Structures are given as structure tokens and as C-alpha cells.
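Trainee: I need the structure of the sequence given here:
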Amino acid sequence: QALRIKEKFVKSAFHQDAEWFDMNNRDELPTKVANSMIHITGAIGRQMADLFANLWSSAGCLAVAFVLNAPLALIMLLIVPVVVIFIAILSCFIRKASKQ
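Mentor: This is a model prediction of the structure:
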């Protein structure tokens, strides 16, 4: 996927008018494209595979928990969303603090 995007970038760069390269910094565009490729590759690469693996693992663990002890699994279902919301809020604060 990332290779196709790079190929399209090169083709579109060759089809630009010479005036476009005069008006824009020629070193800035490839840097932006390279940085974007890192984000795109990360988004469609290992992170997505990990996300699906973690979702299936969570669903399997929940099914086993219901089979072994249903009342405890229901209590877990009440507590886990609260923990997830707390972690999401905490990560937002950490992200803001790291930008400063």
C-alpha cells in the first residue's frame, strides 16, 4: 500500500508544471511525504494486526470467564469500561504534557 502511494507521488511530481517547483520549496514536499508514509505504514501495518489480535483475545477471555464464573464476569464487565475511560483520559493528559 505504501509503495503504491510513493509511486503515485513520483508520477504526480513528474506531471507538475515547472512553475510549481519554482513557487514551492522542493525539499519540503518529499520530507512531508516521507513523514506521511511512516504514519500510513504504521497505521496499516503492525498496529492494525495487533488491534485485531487483541480484540479476538479479549472476546475469547470474556467467553471463558462467562463459562467459568458468570457473576464474576458480569462484575468485570462493569469495571473494565471505567478503567478504560480512566486510562484514555490519563493518556490524553500525558500526551498534552509531552507536547509542552
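Trainee: From now on I want contacts and neighbour counts done on CA atoms only, so please keep to that.
Mentor: Will do.
Trainee: tell me which residues in the helix or strand that contains Lys96 are buried?
Mentor: Under the criterion of DSSP states H and E, Lys96 resides in helix 70-99. By neighbour count, with 16 or more other C-alpha atoms under 10 Å as the criterion, the buried positions of helix 70-99 are Ala73.
Trainee: same for it, what does it pack against?
Mentor: helix 46-68 (3 or more C-alpha pairs under 8 Å, 6 or more residues apart in numbering; DSSP states H and E).
Trainee: Residues in contact with the helix it packs on: which ones?
Mentor: For helix 46-68, the surrounding residues in contact (C-alpha atoms under 8 Å, 6 or more residues apart in numbering) are Leu72, Ala73, Leu74.
Trainee: before we move on, back to that, centre of the chain to the helix holding Lys96, how far?
Mentor: Remark: helix 70-99 is offset 19 Å from the chain centroid, using C-alpha atoms, centre = their mean, to the nearest Å.
Trainee: okay, the angle between that helix and helix 46-68?
Mentor: Helix 70-99 and helix 46-68 are oriented at 160 degrees to each other (axes from the mean of the first three to the mean of the last three C-alpha atoms, to 10 degrees).
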